[in-house]
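# Mind folding the following:
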Amino acid sequence: MRFIIFCAAISLVLTITAASSKKIVCYFGAWSVYRPGNGKFDINEIDPTLCTHLIYAFVGVDGKEVKVLDPWSDLPGNLDGFGKFVRLRQQNPSLKVMVAVGGWNAGSVPFSQMAGNRAQRQTFAQNVVKFLEHYQFDGLDIDWEYPAQRGGSKEDIKNYVKLARVLKKEFSQHGYLLSAAVAAPESSASQSYNIAEMSKYLDFINLMEYDFHGPWDGHTGMNAPLSASSSDSGNELKLNIKASIDYWVKNGAPKEKLILGIPAYGKSFTLSNPSNKGIGAPVSSPGTAGPYTREAGMLGYNEICEMHKANDWEIHQDNERGVPYAVKGNQWVSFDNIPAVIAKAEFVKQEGLGGAMIWSIETDDFKGICGKKYPILRALNSVLGRGV
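The predicted structure follows:
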């Protein structure tokens, strides 16, 4: 009996350890410090106990140099974003604090030009090390959107691997982490990555499991569906989380390096006909911009929950795809609610993935206006063994 109890105890410890070892990667969009009202974000509002890794977005590529994009927000003497960010380790010594280079607005061309030149790759890697040392970051996240696309070269696929290799070699001498944010669906990833080779040099891979659908489709669709629907066909069957994870694993990515991205925002649409409001309904334009994010076609989770709290939005759950959508008048938004986040975190555990990632921390309900602060992050922590 004692042996059975002992084995059960060991099993429980191993289960808890496996769950608690999952990464919870939190991106921070630095431009949010300029948002108005309840959307204005201060780095000191981050709860560093809710993340294992924090990533500051973004710095840029300027030839072989790392470029600070917003000196006023980022540097000491002004808002000191970098300094505030790395000092969060004082509240959580196990926290890893990184910086992301690139992003959608940076495009592909600066990366393509730098990575395509051996000398520039090497010098860039050396300059990144100096940058990380100077500002006391723990590592770099490559957010090249996307190799061999958006003006890049076909050679980008090989050069991406070469860039990751030289960065990893330089980083290994200093103990720095190297990660990447990558396109998740096969339709994009197949154009940009040699998955098996790049995975050798990355400590973890942040799969951007969102933007599967948007106003560009001309009809409503889910931003980040967990599964396909029985009504899906053709390429639609691949535009979901389960299909994209399957593609990455089959092409050589170790499961334990894959971090499943979860959006703290929704994709919004303006319906052509408010009476036709289901999935696949025609749309005339992106949805109306929110008061904080101020970008047509998207709404932060904080904006969505406040709107729902104040108004009678209709919420519809798509049980097959695993995510809801909300409708009010001619406005339609696909987003992740807390049950959807929990289901995705459970999927991370079931599949043995490395953890979950949130894009981005400042559009969670960080002020707790709709309930507890950081409901999305708390939901992830509750499932992935870091109950808070």
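# Run through the residues that contact residue 316.
Contact partners of residue 316, counting by C-beta atoms under 8 Å, 6 or more residues apart in numbering, are 324, 325, 326, 327. All C-beta spots, glycine's among them, are computed from the backbone N, C-alpha and C.
# So for it, what's the pLDDT?
Confidence at residue 316, expressed as pLDDT, is 97.
# and if you look at residue 212?
98.
# Take the contacts of residue 316 and lay them out in a markdown table including distance to residue 102.
Shown next, in a markdown table, are the contacts of residue 316 (distance: C-beta to C-beta, whole Å):
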| residue | distance to residue 102 |
| --- | --- |
| 324 | 31 |
| 325 | 30 |
| 326 | 32 |
| 327 | 35 |
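# Restricted to strands, list those.
When DSSP state E is applied, the contacts of residue 316 are split such that 324, 325, 326, 327 fall in strands.
# nearest spatial neighbour of the third one, skipping sequence neighbours?
The shortest distance from residue 326 to any residue other than its chain neighbours is 4.5 Å, reached at residue 313 (C-beta to C-beta, 6 or more residues apart in numbering).
# Most neighbours among the ones in strands among the contacts of residue 316, which one?
residue 325 (27 neighbours; other C-beta atoms under 10 Å).
# ok, it to residue 234 distance?
22 Å (C-beta to C-beta, to the nearest Å).
# cool, residue 310 as well?
For residue 310 relative to residue 234 (C-beta to C-beta), the value is 40 Å.
# Roughly how far does residue 340 sit from residue 348?
From residue 340 to residue 348 the distance is 13 Å (C-beta to C-beta).
# Which strand residues bridge the nearest residue to residue 106 once chain neighbours are set aside?
In space, and not counting its chain neighbours, residue 106 is closest to residue 60: 5.6 Å by C-beta to C-beta, 6+ apart. For residue 60, the beta-bridge partners are residue 67 (DSSP bridges).
# Tell me which residues are up against stretch 150-164.
107-109, 111-112, 114-116, 118, 121, 124-125, 142, 144, 146-148, 178, 180, 192-194, 197-198, 201-202.
# Remind me which helix or strand residue 101 belongs to.
Remark: residue 101 resides in strand 96-102, with elements defined by DSSP states H and E.
# One more: residue 356?
strand 355-359.
# So, low pLDDT: which residues of the chain?
1-20, 386-388 (pLDDT under 70).
# mind running it again at 50?
1-19 (pLDDT under 50).
# Within its sheet, name the partner strands of the strand holding residue 101 and how each one runs.
strand 53-62 (parallel), strand 139-143 (parallel).
# helix or strand right after it?
Next along from strand 96-102, by DSSP H and E: helix 109-115.
# Provide a PyMOL selection command restricted to the buried entries of the contacts of stretch 150-164.
Buried members of those, defined by 16 or more other C-beta atoms under 10 Å, are picked up in PyMOL with:
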select buried, resi 107+108+111+112+114+115+116+121+124+125+142+144+146+147+148+178+180+192+193+197+198+201+202
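# Let's verify residue 248: helix, strand, or coil?
helix (DSSP: H, G, I helix; E, B strand; the rest coil).
# what sits against it?
184, 189, 195, 205, 207, 258.
# neighbours around the residue nearest to residue 106, how many?
Neighbour number of residue 60 under other C-beta under 10 Å is 16.
# can I assume it is in contact with residue 110?
Yes. Using C-beta atoms under 8 Å as the test, residue 60 is close enough to residue 110 to be in contact (7.1 Å).
# Wait, residue 122 touches residue 169, no?
No. Counting by C-beta under 8 Å, residue 122 does not reach residue 169; the two are 9.4 Å apart.
# Please identify which of the two sits among more neighbours.
Higher neighbour count among residue 122 and residue 169: residue 122, with 17 against 12, using other C-beta under 10 Å.
# What sits closest to residue 208 if chain neighbours are left out?
Nearest to residue 208 is residue 261, by C-beta to C-beta, 6+ apart, at 4.9 Å.
# elements contacting the helix or strand containing that neighbour?
Of the helices and strands defined by DSSP H and E, residue 261 is found in strand 258-263. Under the contact criterion of 3 or more C-beta pairs under 8 Å, 6 or more residues apart in numbering; DSSP states H and E, strand 258-263 touches strand 204-208, helix 241-250, helix 338-351, strand 355-359.
# contact partners of whichever helix or strand comes after it?
Counting by DSSP H and E, the next helix or strand C-terminal to strand 258-263 is strand 265-271. If you take C-beta under 8 Å, 6+ apart as the criterion, strand 265-271 is touched by 210-211, 213-215, 220-221, 223, 277, 281-288, 293, 296-301, 304, 326-327, 330-336, 359-360, 363.
# still on that earlier bit, immediately after the strand holding residue 356, which helix or strand?
helix 375-383.
# which residues are in contact with that next one?
Contacts of helix 375-383 (C-beta under 8 Å, 6+ apart): 24, 26, 47, 50-51, 262, 264, 301, 305, 336, 338, 341-342, 345-346, 348-349, 356, 358, 361, 364-365, 372, 387-388.
# Go again with 6 Å.
24, 50, 264, 338, 341, 342, 345, 346, 356, 364, 365, 388 (C-beta atoms under 6 Å, 6 or more residues apart in numbering).
# Dump those residues to CSV, plus neighbour count and distance to residue 227.
As requested, the contacts of helix 375-383 are arranged in CSV below (neighbours: other C-beta atoms under 10 Å; distance: C-beta to C-beta, whole Å):
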residue, neighbour count, distance to residue 227
24, 23, 23
50, 23, 27
264, 27, 21
338, 15, 18
341, 25, 15
342, 16, 15
345, 24, 15
346, 13, 13
356, 30, 17
364, 24, 24
365, 24, 26
388, 11, 28
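# and the residues you listed as JSON lines, adding distance to residue 271?
Formatted as JSON lines, the contacts of helix 375-383 follow (distance: C-beta to C-beta, whole Å):
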{"residue": "24", "distance to residue 271": "35"}
{"residue": "50", "distance to residue 271": "36"}
{"residue": "264", "distance to residue 271": "24"}
{"residue": "338", "distance to residue 271": "26"}
{"residue": "341", "distance to residue 271": "26"}
{"residue": "342", "distance to residue 271": "29"}
{"residue": "345", "distance to residue 271": "31"}
{"residue": "346", "distance to residue 271": "32"}
{"residue": "356", "distance to residue 271": "32"}
{"residue": "364", "distance to residue 271": "27"}
{"residue": "365", "distance to residue 271": "26"}
{"residue": "388", "distance to residue 271": "39"}
